[in-house]
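Student: need a structure here:
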Amino acid sequence: MKQSNRKLRTLVGAAMLSAVAFVLAFLEFPVPLSPPFARMDLSDLPALIGAFAYGPLWGVLIELIKNALQLTSTVTGGVGELANFLMGAAFVLTAGAIYRFHKTKKTALLGCLAGSLAMGIAAALANYYILLPLFEQFMPLHQLIASFEAFIPFIHSKRDIVLYNALPFNVLKGLAISLITMLSYKSLRPILKGRETT
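Tutor: Here you go, the predicted model:
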């Protein structure tokens, strides 16, 4: 009975976090030092909380559900959602796996730092091979590069966009989400996990 209640609480909690992530995906804000079409959101926050509460694979599942729901209103034919899933999954899987190994504030912090770096690397790869080629369907490459160069003068190639824009800003995004998680997880944990203490 206790095991059944725990599974039900986990399913309900994951569903709730997936719904919150889906809503947060629509609350976009511009990326500093980037053209207007480069936007970010905090929809990975519920997935990270879920990875800490239920385990890294649950965090990945929340990312998957969020992006699957976004397919109902996609303007990228699913390409943007695929890239978003890969970046978010790298983030929560890394952070959640490290935290699961030994659940302390120190490992949570280490997990968040490693997860943010993993997100930056995944973002670099996703932008170079998925997102920038997608934007090239609507804007010639030289114009795309020029739109970033207007904000960061030493960007002169697609690789520069990845190294000096996509990678650092996604690391910073991961760190921002991590900070919010570190500040809020302790108070959210009893709601998500009931009377459990881990």
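
Student: residues touching the residue nearest the centre of the chain, list them.
Tutor: Centroid-nearest residue in the chain, with Cα atoms, centre = their mean: residue 88, separated by 3.3 Å. For residue 88, the contacting residues are 43, 44, 47, 63, 66, 67, 119, by Cβ atoms under 8 Å, 6 or more residues apart in numbering. Heads up, the C-betas are built off the backbone N, CA and C, glycines and all.

Student: leaving aside the residues next to it on the chain, what's closest to it?
Tutor: residue 63 (4.1 Å; Cβ to Cβ, 6 or more residues apart in numbering).

Student: about what we covered before: list the buried residues for the helix or strand that the residue nearest to the centre of the chain is a member of?
Tutor: For residue 88, the element it lies in under DSSP states H and E is helix 79-101. Using 16 or more other Cβ atoms under 10 Å as the burial criterion, the residues of helix 79-101 that qualify are 79-100.

Student: what's the angle between the next helix or strand after that helix and helix 79-101?
Tutor: Heading C-terminal from helix 79-101, the first helix or strand you meet, by DSSP H and E, is helix 105-126. Between helix 105-126 and helix 79-101, the angle comes out at 160 degrees (axes from the mean of the first three to the mean of the last three Cα atoms, to 10 degrees).

Student: those helices in the chain, which residues are they?
Tutor: 2-24, 45-54, 56-70, 79-101, 105-126, 132-135, 141-149, 158-161, 167-193 (DSSP state H).

Student: can you put those helices in TSV and add distance to residue 33 and mean pLDDT?
Tutor: Listed next are those as TSV, based on distance: least, Cβ to Cβ, whole Å; pLDDT from 0 to 100:
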stretch	distance to residue 33	mean pLDDT
helix 2-24	23	91
helix 45-54	23	97
helix 56-70	26	97
helix 79-101	19	95
helix 105-126	15	97
helix 132-135	17	88
helix 141-149	9	92
helix 158-161	11	94
helix 167-193	8	93
